[in-house]
Each structure stands twice: as C-alpha cells, then as structure tokens.
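In: Have a look; sequence and predicted model below, questions after that.
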Amino acid sequence: MMNWGPMTRDPQWSDMEWQIRRWEFFTWLSGDFLVEQHVHNLDLINWVLKAHPVQCTILGGRQARTDPMYGDVYDHFAGEFEYPDGVRIDYSGAQIDRISGRCDQRIFGTKGTAFFDFGRAVIEGQNPYEYKGEIPDPCLQQHADQIDAIRNGKHLNEGVRIAESTLTAIMGRMSAYTGKSLKWDWVMKASKLELTPPAYDFISLPEPVVAVPGVTPLV
C-alpha cells in the first residue's frame, strides 16, 4: 500500500513526471483510493439497490502515509451513504500497511443477509443461496460480453451506471476532504470542482495541498 511506484524522485524528473509516476498518490490523477479502488465496491452496492445515493457524510484523513512522497491522498475513509427510501450504507476503507484487511460487502434485509466479495456470494435467511460456479476474470469477461453484444446485435451500454458509480465515489471523497455532508443533486448540478492542471506539460506543477476537513472549501 505504501510502496507503489518509485519511492524516490529522480532529480531529472519534472513535477509532472514525478506525479505521473506516483499517480496513485495524487488526487488529480487517481481520485484518491476511495475513487480509484473502492468505486468497485460502491458500484456493487448501487447495483444491488438499483439506485445511486441521495446524500453522504464521509470522514477521512492520513495517519500513516504522511510523508510528502504520498502526495495529497488520504489513507482512511469511513462514513455513510444514504439511498432512496431511507436505506443507509456504512462504508469504511483504509490503505495502511500491516493492519487487518477485508474487502467485501454485507447487506442486511428483513428476510435475510447477503455476503459477497469479488468471487463469493452467500445469502442466509428465508431463501438461502451460495454461488458455486466459476469465477471469471472480470478483465476478460467485459470484453467477452462486449464482443457477444456486437456479434449478436445486443444493446450493451453501461455508461450511465459507470458514471453514477464514479460520482458516488467522488461525492464521498469530496465529503471527506471538506468535512461536509453532501447531496447528490448538488454535486451533480452545482459543484464547480476542477482538479486538472492548468497545462499538460512536463515543466512545473506544484504538488497539491493535503485537504483538511473543515478548512478545505467545498467547491
């Protein structure tokens, strides 16, 4: 978690090259790990609930990855996403070496409980179920599905779902960085946040400042 990419900067590298080589640790490149990695977990939740959240309150910070070599990203997040009909999802995640780790989803309903990660799915309750089939490589499966759709005239366009899952993660990060509860409609229609650099060149690009909840402005 802490040693991805080059650990030290070559004196010949420009600011831009250094940040690109360490892209995981700069929000303008990776989105922070809530967006870069946990978008997949949030995508599963959106899929299960057939909706995107209406608002969220997320906290976060950096306690282990505090050296400037770790850019401006956090190393932990936790909070709540609220979905339509009052459904609430508790989320937590961390990228800290040598701590206990899990990567799964648990859904508690009135008729049972569902547990699923990226390969196993179990439902306990009135209608128990356990998936015991093959676990395809998702990187291959997405291409297989697309090729099948092209060959057989099927309509396959997951653009809206992808965009909504991405914004779900971005909204969570924005909430954590600013310390503000956010509504989906505001993030979608009113936010003016812009993370891209003023120019894409290999010259000067000052490293961004680490966000401080309650201080970093909501844009």
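Out: Perfect, I can see it now. Numbers count the residues shown, from 1 in each chain.
In: Tell me if I am right that Glu124 is in a helix.
Out: No - counting by DSSP: H, G, I helix; E, B strand; the rest coil, Glu124 falls outside a helix, being strand.
In: Contacts only, for it.
Out: 112-115 (C-beta atoms under 8 Å, 6 or more residues apart in numbering). All C-beta atoms are positioned from the backbone trio N, CA, C, and that covers glycine.
In: Show me what the longest helix seen in the chain is packed up against.
Out: For the chain, the helix with the greatest residue count under DSSP state H is helix 159-178. Contact partners of helix 159-178 among helices and strands, from 3 or more C-beta pairs under 8 Å, 6 or more residues apart in numbering; DSSP states H and E: helix 33-36, helix 39-49, strand 55-61, strand 76-82, strand 182-183, helix 184-189.
In: what does the shortest one contact?
Out: By C-beta under 8 Å, 6+ apart, the residues outside strand 182-183 that reach it are 54-57, 171, 174-175, 218.
In: What's the mean pLDDT across the longest helix of the chain?
Out: For helix 159-178, the mean per-residue pLDDT is 98.
In: how far off strand 76-82 does it point, in degrees?
Out: 120 degrees (axes from the mean of the first three to the mean of the last three C-alpha atoms, to 10 degrees).
In: Would you mark the buried spots in helix 159-178?
Out: 164-165, 167-178 (16 or more other C-beta atoms under 10 Å).
In: could you dump those to CSV with distance to Trp28?
Out: CSV is the format used below for those (distance: C-beta to C-beta, whole Å):
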residue, distance to Trp28
Glu164, 22
Ser165, 20
Leu167, 17
Thr168, 19
Ala169, 15
Ile170, 12
Met171, 17
Gly172, 17
Arg173, 12
Met174, 14
Ser175, 18
Ala176, 16
Tyr177, 13
Thr178, 16
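In: In terms of distance to Arg22, which of these ranks first?
Out: Arg173 (18.2 Å; C-beta to C-beta).
In: With adjacent residues omitted, what lies nearest to Pro206?
Out: Asp15 (6.8 Å; C-beta to C-beta, 6 or more residues apart in numbering).
In: got the contact list for the one you found?
Out: 203-207.
In: Give me the subset of these lying in strands.
Out: In strands, judged by DSSP state E, none of the contacts of Asp15 are found.
In: From these, list the buried ones, please.
Out: The neighbour-count criterion (16+ other C-beta under 10 Å) marks Leu205 among the contacts of Asp15 as buried.
In: of the contacts of Asp15, closest to Phe33?
Out: Glu207 (17.7 Å).
In: Name all residues that make contact with that closest one.
Out: Taking C-beta under 8 Å, 6+ apart, we find Glu207 in contact with 15, 19, 26, 68, 71-72.
In: Distance check, it against Gln95.
Out: According to C-beta to C-beta, to the nearest Å, Glu207 stands 19 Å off from Gln95.
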